[in-house]
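**Q** pasting the sequence and the predicted model now:
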Amino acid sequence: MKTAKLLKNILPFSLVLLLFAISLFVGSETIPFSEVIKILTFSPDADFFNKIILLDLRLSRSILAFVTGALLAGSGTLFQGYFQNPLADTGIMGISAGATFGAVLSGFFSFSITLAISIMGLSAFIGSLLTGLLVYLLAHRNVYSQNAVSLLLAGTALGTFLSALTSILLLANYKEMHTVYIWTLGSFNGKGWDDVLFALLPALLSFILFVLIAPSLDTLTGGEKTAQSLGVKTKSVRFWVLTAGSLATATAVCSGGTISFIGLMSPHICRKIYGPSHRKLLFFSTLYGGAILLFSDILARTLLAPTEIPVGIITAIFGAPFFIYAINKRSHLHG
């Protein structure tokens with residue numbers, strides 16, 4: 001029993017390390033493992049060209065992919081815990097739609113930000129945060145139903161509205177459509193250390209909020225009324241869930257574009273392995289989420305090399321059947 005528990009706890013760390021190692025020496029240009037060791041140990045015999053590929057391109061990209069997957073998985077776990085629905089995802093709150101709207105809107109600006117992040121990524125970041133804030137304000141003004149349902153309805157309505165505006169902007173700005181279209185499919189191509197540094201602080205803050213919110217989510221398992229009777233301030237929990245989820249999603253979409261299903265798959269898998277406790281669930285879900293996206297990015301770089309597949313397509317190939325499976329399983333349980 002203790003051995004099985006130990007293996008469950010070690011597995012995600014081993015998986016992440018293995019995938020991270022693989023991500024460093026595979027791609028359109030395969031770097032021999034011995035060469036990778038030379039570069040990482042700063043050997044003077046290391047090839048200069050391979051050094052640039054590994055340290056300036058692949059290392060930063062792999063870190064960003066892992067962090068993005070962890071953020072999406074963590075925010076998905078938050079929303080699933082708050083809404084008490086294992087099918088909830090980051091897109092359910094309209095935050096992803098806000099990010100896409102912000103990215104498309106950036107096509108109308110003629111300048112770029114070169115110091116830290118592209119104008120498209122920054123616009124997506126701002127769009128996500130503003131959408132999360134607007135969803136909270138809309139739900140908070142609903143005095144008749146200030147609960148998870150009002151938050152869900154506000155997010156769904158706003159997400160649909162922003163998606164419609166995005167379509168209009170794409171039609172009005174068709175010259176930029178290709179760039180934005182690739183971004184909406186999700187990709188880490190061309191990402192570097194500037195992108196990692198830009199994501200570092202909001203990602204760290206998101207992970208801290210995950211840890212602080214977890215105990216309250218466990219209390220909400222019995223419903224908001226039960227949680228209130230136990231002294232939980234549900235309005236405060238709702239605010240911090242939306243804040244943490246919005247910040248995490250904003251950072252993720254800014255880093256890798258619109259990537260779906262990570263926030264659905266990872267917490268669903270971890271719930272089966274580690275149980276419903278959100279203290280464990282949030283921690284292990286972020287690890288598995290990072291591993292899933294890291295694996296997807298490896299496939300995106302290698303399946304049709306030197307052509308690269310947008311990573312969002314890979315996650316959709318995995319995620320869509322998983323979503324159908326989850327729906328069927330729930331229908332059997334309630335049937």
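**A** That came in fine, so what should we check first? All values reported here derive from a predicted model rather than from experimental measurement.

**Q** where exactly do the helices run in the stretch 51-200 of the chain?
**A** Here the stretch 51-200 of the chain has its helices, by DSSP state H, counting those that start in this stretch, at 59-83, 95-105, 119-140, 148-172, 177-185, 193-219.

**Q** could you dump these into a markdown table and include mean neighbour count?
**A** Where C-beta positions appear, they are placed from N, C-alpha and C, glycine not excepted. Shown next, in a markdown table, are these (neighbours: other CB atoms under 10 Å):
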| stretch | mean neighbour count |
| --- | --- |
| helix 59-83 | 27 |
| helix 95-105 | 28 |
| helix 119-140 | 21 |
| helix 148-172 | 17 |
| helix 177-185 | 17 |
| helix 193-219 | 18 |
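
**Q** and those, which one is worst for confidence?
**A** Mean pLDDT per stretch puts helix 177-185 lowest among the helices of the stretch 51-200 of the chain, at a mean of 71.

**Q** what count of nearby residues applies to residue 252?
**A** Using other CB atoms under 10 Å, residue 252 has 38 other residues around it.

**Q** repeat that for residue 29.
**A** The tally of other residues near residue 29 (other CB under 10 Å) stands at 15.

**Q** got the contact list for it?
**A** Residue 29 makes contacts with 50, 53, as judged by CB atoms under 8 Å, 6 or more residues apart in numbering.

**Q** now it: how far from residue 35?
**A** 11 Å (CB to CB, to the nearest Å).

**Q** go on, residue 124?
**A** Using CB to CB, residue 124 is found at 36 Å from residue 35.

**Q** one more: residue 180?
**A** If you go by CB to CB, the gap between residue 180 and residue 35 works out to 37 Å.

**Q** can I get the helices of the stretch 51-200 of the chain in JSON lines including distance to residue 282?
**A** Listed next are the helices of the stretch 51-200 of the chain as JSON lines, based on distance: least, CB to CB, whole Å:
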{"stretch": "helix 59-83", "distance to residue 282": "5"}
{"stretch": "helix 95-105", "distance to residue 282": "18"}
{"stretch": "helix 119-140", "distance to residue 282": "18"}
{"stretch": "helix 148-172", "distance to residue 282": "18"}
{"stretch": "helix 177-185", "distance to residue 282": "28"}
{"stretch": "helix 193-219", "distance to residue 282": "5"}
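
**Q** for the closest residue to residue 76 other than its chain neighbours, give its distance to residue 212.
**A** Closest residue in space to residue 76, ignoring its immediate chain neighbours: residue 263 at 2.3 Å, by CB to CB, 6 or more residues apart in numbering. Separation of residue 263 from residue 212 (CB to CB): 19 Å.

**Q** do residue 163 as well
**A** For residue 163, the distance to residue 212 - CB to CB - is 32 Å.

**Q** again with residue 25
**A** 38 Å.

**Q** what helix or strand is the nearest residue to residue 206 once chain neighbours are set aside on?
**A** Excluding its sequence neighbours, the residue lying closest to residue 206 (CB to CB, 6+ apart) is residue 248, at 4.0 Å. Using DSSP states H and E, residue 248 sits in helix 234-256.

**Q** what angle sits between that helix and helix 119-140?
**A** Relative orientation of helix 234-256 versus helix 119-140 (axes from the mean of the first three to the mean of the last three CA atoms, to 10 degrees): 160 degrees.

**Q** what do residue 29 and residue 35 both touch?
**A** Common contacts of residue 29 and residue 35 (CB under 8 Å, 6+ apart): residue 50.

**Q** so what's the residue count around residue 256?
**A** 31.

**Q** oh, I was asking about residue 239
**A** Residues lying near residue 239 (other CB under 10 Å) number 13.

**Q** quick one: it and residue 99, what's the gap?
**A** Computed as CB to CB, the residue 239 to residue 99 distance reads 20 Å.

**Q** then residue 285?
**A** Taking CB to CB, one finds residue 285 at 21 Å from residue 99.

**Q** with residue 236 instead?
**A** Computed as CB to CB, the residue 236 to residue 99 distance reads 25 Å.

**Q** same question, residue 170
**A** Relative to residue 99, residue 170 is positioned 15 Å away (CB to CB).

**Q** and residue 127, by the same measure?
**A** Applying CB to CB to residue 127 and residue 99 gives a distance of 5 Å.

**Q** list residues touching both of those two?
**A** Common neighbours of residue 127 and residue 99 (criterion: CB under 8 Å, 6+ apart): residue 250.

**Q** next, name the residue at the spatial heart of this structure.
**A** Centroid-nearest residue in the chain: residue 72, 2.2 Å away (criterion: CA atoms, centre = their mean).

**Q** before I go, just wanted to say thanks for your time.
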